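> Compute the structure for the input listed below.
(chains A and B)
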There are 2 protein chains.
Amino acid sequence: MSNQSPNERFYAVIPAGGVGSRLWPLSRASAPKFLHDLTGSGQTLLQDTWDRLTPLAKERIMVVTGDVHSHAVAEQLPELNTKNLILEPSPKDSTAAIALAAAVLMQREPEVIVGSFAADHVITDDAKFQRAVREAVEVAATGKIVTIGLQPTEASVAFGYIHKGDRLASETACEVREFVEKPNIKLARKYVESGEYLWNAGMFIAPAKLLLEVLQKTQPSLHAGVMQLAEGWDTPQRQSLMAQVWPRLTQIAIDYAIAEPAAAEGLVAVVPGLFEWHDVGDFAAIAELQSQGRKGNLAVLGHGKVLADSSSGILVSDTNRLVALIGLEDVIVVDTPDALLVTTKEHAQKVKSLVDVLKQSGHSELL
Amino acid sequence: MSNQSPNERFYAVIPAGGVGSRLWPLSRASAPKFLHDLTGSGQTLLQDTWDRLTPLAKERIMVVTGDVHSHAVAEQLPELNTKNLILEPSPKDSTAAIALAAAVLMQREPEVIVGSFAADHVITDDAKFQRAVREAVEVAATGKIVTIGLQPTEASVAFGYIHKGDRLASETACEVREFVEKPNIKLARKYVESGEYLWNAGMFIAPAKLLLEVLQKTQPSLHAGVMQLAEGWDTPQRQSLMAQVWPRLTQIAIDYAIAEPAAAEGLVAVVPGLFEWHDVGDFAAIAELQSQGRKGNLAVLGHGKVLADSSSGILVSDTNRLVALIGLEDVIVVDTPDALLVTTKEHAQKVKSLVDVLKQSGHSELL
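Alright, predicted model coming up:
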């Protein structure tokens, strides 16, 4: 066992991936969701995530992102140490990203406890978030993979759920019986009414060693690839290893490769998160977030001039143009230099299929 | 009396004025309605008007427009003889424009019959239009001010009406009892049901001499100013006269200054126009025109790329941007380089008040 306190062993990992197709045309392959200010905070989601983690981890924060974003990430996070930046040559889903970060960190510090926090979520109460993570780190140190589950505020069908088990000998943590997939609305209501289910926000805190042990059992070849990369990471071989090994890594979500199988083994605990959390998956979610539940408001993100009459919803402006809106309810207008989206909150999810059409019709310059 | 046939005496006048505030942000002070292609014909409304008149008037067409538009008009109408271009230093409403044209033409040809046709109307059946104008010219030669009244297709409250009187000794012409203002919907229905009323489209055909005689009685100072300008028009004094006289001219619509008083004197006749006519006053009207009554269509004007899903209404694109629309019914989207308008057909008339707000808030660069 380590002589360090659990908190001293903690390292935060920010997987900054995913385009956010539902946020097109603001979010693009070249400038994905996490590189944008979607809350009007004056900072990007990535910067907000960084600021939320520094009180917990200080400079012990690693970022995993696509190599095309290295410049933008370095610019947005001037305090990020370059040795803590992992650049992916191609997207390989969450397991490869997080496991490689864990393996590299374990190579440097065998007893490290890693916590993975998406770069594109919105959390409005940082103190409550930090309290939950601190407890999760303590529990992780007892030999658990710990997730932070969100107290549902409604019967959402947009998230997977975590079925809580017995309380553990910690402040608020419980065992996890199982992770369940996004339910239908009937099932979602049952989950929420039972009081036994939490939303799965994809936050995992665990000793790197434990995480990789589970992976070794469930995905031996992925594990072997990641370990091979980690061994050569801080050596001159890194580049040639990445060129050789990375393209062959299995593409799989961490929920399937680690969380679910580990839960079945009784290895997963959950700390209930009592903070407000949003995954801002589409423009309707951003509009909700901005209007704070007030009906009939027009939220405005960006620096454009706006003239609105009897309109509600959201305007996201990435240009200097004047945008005039008259008589539109729950509208979504996203104004960028080369593409304009106009839709409604009701149709916000359909933006993804529009992006698919763009792909198929060869408009890759707009993706 | 003249030895020429009425048709040989005919001269067409195109008053090309008015910004078309309801068509902002496409129509601007610097590029008003008549300089745009609002029908998808590939030509501007001004060019369409010119083409409609040349079979009747050949090169005998005079254009009256604001001096800021001289370049655009000359470019759009390469066949326009510069001696037939009257440039207004400031807008002075329709009477000054048409009366000056009539006076200048009468100075050159005392027996001229002038016909005035707005530059920003849409007429879809040129042959029927030409037939009506030819008859109107014949009737005008008998000493009448002749208007072409449109057979109403609905009880519109957007137009003034013409109350027909007895038939004249011509193909289809009637006397005009009176011009009536835009009615309320109840009155409009009564007018249309009676069969005695036609829409006033503001087309007037008359001997220049008669037009100016009426003006002399109703607006003696405006008449004097116009005659003074006309006498010096084809002389080196034109510019200094314009600088001195034009700013003082009374600003009044030809309906009030000439048509109504002349009708009261029994001097006005009407030829029913059996062609389709639109004044395309707002984007809803353009959408209607484009969709030809088909419901659920999205009309597209301009060269922009469009991706539409479950959307109807109209997109007017004055940029190269991709415009994506999802789930919007009867929407109006007008995309220009420095301003974007999003509204619905229901609210199309409100665009004018938005332009007023822009004026008041000092956004003159966008007007």
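> show me what contacts the residue most central in space within chain A?
Residue closest to the average C-alpha location in chain A (C-alpha atoms, centre = their mean): residue A:118, at 2.3 Å. Residue A:118 makes contacts with A:14, A:15, A:49, A:201, A:202, A:203, A:279, as judged by C-beta atoms under 8 Å, 6 or more residues apart in numbering or on different chains. Just so you know, the C-beta spots here come from the backbone N, C-alpha and C atoms, and that holds for glycine as well.
> Wasn't the third one part of a helix?
Yes - counting by DSSP: H, G, I helix; E, B strand; the rest coil, one finds residue A:49 located in a helix.
> does the closest residue to it other than its chain neighbours count as helix, strand or coil?
In space, and not counting its chain neighbours, residue A:49 is closest to residue A:119: 5.1 Å by C-beta to C-beta, 6 or more residues apart in numbering or on different chains. Following three-state DSSP, residue A:119 is assigned to coil.
> you'd agree residue A:119 is up against residue A:45?
Yes - applying C-beta atoms under 8 Å, one finds residue A:119 in contact with residue A:45, separated by 6.2 Å.
> Next, the buried residues of stretch A:120-131.
Under the neighbour-count criterion of 16 or more other C-beta atoms under 10 Å in any protein chain shown, stretch A:120-131 has A:120, A:121, A:122, A:123, A:129, A:130, A:131 buried.
> show me which of the residues you listed neighbour chain B.
On the criterion C-beta under 8 Å from any C-beta of the partner chain, none of the entries of the buried residues of stretch A:120-131 sits beside chain B.
> which of the residues you listed sit farthest apart?
A:120 and A:131 (22.3 Å; C-beta to C-beta).
> In contact with the residue nearest to residue A:115 when sequence neighbours are not counted: list those residues for me.
Leaving aside its sequence neighbours, residue A:115 sits nearest to residue A:205 (C-beta to C-beta, 6+ apart; 4.0 Å). Going by C-beta under 8 Å, 6+ apart, residue A:205 touches A:10, A:113-116, A:133, A:136-137, A:139-140, A:145-148.
> Could I get the buried residue list for the strand or helix carrying residue A:217?
Residue A:217 belongs to helix A:208-218 when elements are defined using DSSP states H and E. By 16+ other C-beta under 10 Å, the buried positions in helix A:208-218 come out as A:208, A:209, A:210, A:211, A:212, A:214, A:215, A:218.
> Reformat the residues you listed as TSV; add pLDDT and distance to chain B.
Shown next, in TSV, are the buried residues of helix A:208-218 (pLDDT from 0 to 100; distance: C-beta to the nearest C-beta, whole Å):
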residue	pLDDT	distance to chain B
A:208	98	43
A:209	98	48
A:210	98	45
A:211	98	41
A:212	98	43
A:214	98	42
A:215	98	40
A:218	97	40
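> still on that earlier bit, just the ones in helices from the contacts of residue A:205, please.
Judged by DSSP state H, these include A:133, A:136, A:137, A:139, A:140 as members of helices.
> From the chain's centroid, how far away is the worst-scoring helix or strand of chain A on mean pLDDT?
Ranking every helix and strand in chain A by mean pLDDT, DSSP states H and E puts helix A:283-291 at the bottom, with a mean of 89. Relative to its chain's centre, helix A:283-291 lies at 18 Å (C-alpha atoms, centre = their mean, to the nearest Å).
> Then stretch A:299-317?
27 Å.
> what about that stretch, near chain B?
Yes - using C-beta under 8 Å from any C-beta, stretch A:299-317 reaches chain B at A:305, A:307, A:309, A:310.
> Are any of those buried, and if so which?
By 16+ other C-beta under 10 Å, these give A:305, A:307, A:309 as buried.
> So the second one, which state does it fall into?
It stands for residue A:307. Put simply, residue A:307 is strand when judged by three-state DSSP.
> Return the set of residues that bridge with it.
On the basis of DSSP bridges, residue A:307 is bridged to residue A:324.
> Surely it touches residue A:300?
No - the pair residue A:307 and residue A:300 fails to qualify as a contact (C-beta under 8 Å) at a distance of 11.0 Å.
> Look up how far residue A:256 lies from the residue in the stretch 51-200 of chain A that chain B sits nearest to.
Proximity of the stretch 51-200 of chain A to chain B (C-beta to the nearest C-beta) peaks at residue A:158, 18.8 Å away. Taking C-beta to C-beta, to the nearest Å as the measure, residue A:158 falls 18 Å from residue A:256.
> Equivalent analysis for residue A:282, please.
In terms of C-beta to C-beta, residue A:282 sits 24 Å off from residue A:256.
> Who has more neighbours out of these two?
Under the criterion of other C-beta atoms under 10 Å in any protein chain shown, the comparison of residue A:282 against residue A:256 puts residue A:282 first, with 23 against 15.
> The more buried one reaches residue A:348, doesn't it?
Yes - look at residue A:282 against residue A:348 with C-beta under 8 Å: they come within range, at 4.0 Å.
> and the stretch 1-150 of chain A, which of its residues are near chain B?
Counting by C-beta under 8 Å from any C-beta, the stretch 1-150 of chain A sits next to chain B at residue A:25.
> In the stretch 1-150 of chain A, mark out all the helices, start to finish.
Secondary structure of the stretch 1-150 of chain A (DSSP state H, counting those that start in this stretch): helices at A:6-9, A:45-57, A:70-76, A:93-108, A:126-140.
> now what about the shortest one, what contacts it?
Helix A:6-9 is contacted from outside by A:2, A:56, A:109, A:111, A:112, A:113, A:134, A:137, A:138, A:140, A:141, A:207, using C-beta under 8 Å, 6+ apart.
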